[in-house]
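# below: sequence and its predicted model.
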Amino acid sequence: MIRSLVFDKDGVILDLVETWFPVVEKLVDYTLDRLPKEGRTKVTRTSMLASVGVDEATGEIDPLGIFAMGSFTDIRAVWQQLMPPGMIDLREDESYRLEVRRLVREMSYGKTVPKGDVVTPMTRLAQAGFRLAVLTNDSEESARRSLEDIGILSLFDPVIGADSGYGGKPDPEGLLHCLSVHGTDISEALMIGDTGADFGAARNAGVADFICIADDPEYRPHEDVNVANVIARLSDLPDLLVRRGDMSLTGAST
């Protein structure tokens, strides 16, 4: 019997590109502005985006790249490797970190874009008796703000970010904490995500199964992800749970 559904946020509940790509572009431009002129000949906008799995020319995002799977801390660490020696330490420069934090808030506040209709299926799942949680490699504050923007924050408990004290995915501690809050066993839980970090967390925690959000099964993050568990949008999730026998046609968890 499945009782807990734990969701990744970006690429699952939120449209990753529409919500966060403008933010990352702004951070790239700000980072380049912080470099002296000679540094900008060695580091380019294209190379910075490519380093985190974003093709500037096409806008395509590598589902296994840092932009899709990691946090802004992870992105900053990758960009630091591109910086010419002795110019700026993105991890230690306090003014840089504070401005990045300000830009992220400014660029994302009130601009959250859901990945299709998420309110209807999430409300239906909550009414069916499932316990819902969010586990993201974004910060907890950012996750809560985004969920509030689209009107579904109250459906989730807990909301766990990479800075909530349980590490980031694919480590399993955050997922296991969600189940502890719910009072459910790993055999009673599903992880719903779109990246290798999500699948890794599900596998490392030992939950019952992993549901993948992808436009096509070929984009699932690992070959071990069951093709039958791949759906394009969360609006397809209730019907999938009915087919799996996890939810009745009347809308109750089984």
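That came through, no problem. Numbering: from 1, shown residues only.

# quick one: mean pLDDT over stretch 57-68.
Mean pLDDT, computed over stretch 57-68, is 84.

# and for stretch 122-129?
Computed over stretch 122-129, the mean pLDDT rounds to 97.

# what residues sit buried inside it?
Neighbour counts over stretch 122-129 (16 or more other C-beta atoms under 10 Å) mark 122, 124-126, 128 as buried. Backbone N, C-alpha and C define where each C-beta goes, glycine included.

# return the closest of those residues with respect to Asn226.
Taking C-beta to C-beta as the measure, Asn226 lies nearest Leu125 of the buried residues of stretch 122-129, at 19.9 Å.

# dump the buried residues of stretch 122-129 into JSON lines; add distance to Gly200 as well.
Converted to JSON lines, these look like this (distance: C-beta to C-beta, whole Å):
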{"residue": "Met122", "distance to Gly200": "24"}
{"residue": "Arg124", "distance to Gly200": "28"}
{"residue": "Leu125", "distance to Gly200": "24"}
{"residue": "Ala126", "distance to Gly200": "27"}
{"residue": "Ala128", "distance to Gly200": "28"}
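
# which parts of the protein are strands?
Per DSSP state E, the chain carries strands over the ranges 4-7, 131-135, 159-160, 189-193, 209-213, 230-231.

# if you count contacts, what does the first one end up packed against?
So that's strand 4-7. strand 131-135, helix 173-182, strand 189-193 (3 or more C-beta pairs under 8 Å, 6 or more residues apart in numbering; DSSP states H and E).

# if we go to 10 Å?
Counting contacts by 3 or more C-beta pairs under 10 Å, 6 or more residues apart in numbering; DSSP states H and E, strand 4-7 packs against helix 119-127, strand 131-135, helix 173-182, strand 189-193, helix 196-205, strand 209-213, helix 237-244.

# using CSV, write out every CA atom in the last one.
Once non-C-alpha atoms are left out, helix 237-244 reads as follows in CSV (Å, rounded to 0.1, in the frame of the first residue of the first chain):
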residue,chain,number,x,y,z
LEU,A,237,0.0,10.8,-12.2
PRO,A,238,-3.4,10.0,-10.8
ASP,A,239,-4.3,7.7,-13.8
LEU,A,240,-0.9,6.0,-13.5
LEU,A,241,-1.5,5.3,-9.8
VAL,A,242,-4.8,3.8,-10.7
ARG,A,243,-3.2,1.6,-13.3
ARG,A,244,-0.6,0.5,-10.8
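
# still on that earlier bit, the helices and strands packed on strand 4-7: which one's closest to Leu90?
Closest among the helices and strands packed on strand 4-7, using C-beta to C-beta: helix 196-205, at 21.7 Å.

# can you give me the angle the closest one makes with strand 209-213?
Going by axes from the mean of the first three to the mean of the last three C-alpha atoms, to 10 degrees, helix 196-205 is angled at 170 degrees with respect to strand 209-213.

# buried set for helix 196-205?
Per 16+ other C-beta under 10 Å, helix 196-205 contains these buried residues: 196-203, 205.

# let me have these in TSV, adding distance to Leu32 and pLDDT as columns.
Listed next are the buried residues of helix 196-205 as TSV, based on distance: C-beta to C-beta, whole Å; pLDDT from 0 to 100:
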residue	distance to Leu32	pLDDT
Gly196	29	91
Ala197	27	92
Asp198	31	96
Phe199	34	97
Gly200	32	96
Ala201	33	98
Ala202	37	98
Arg203	38	98
Ala205	39	99
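
# which residues touch the helix or strand bottoming out on mean pLDDT in the chain?
Of all the helices and strands that make up the chain, helix 37-40 has the lowest average by mean pLDDT, DSSP states H and E, namely a mean of 79. The contact list for helix 37-40 (C-beta atoms under 10 Å, 6 or more residues apart in numbering) reads 32-33, 82-88.
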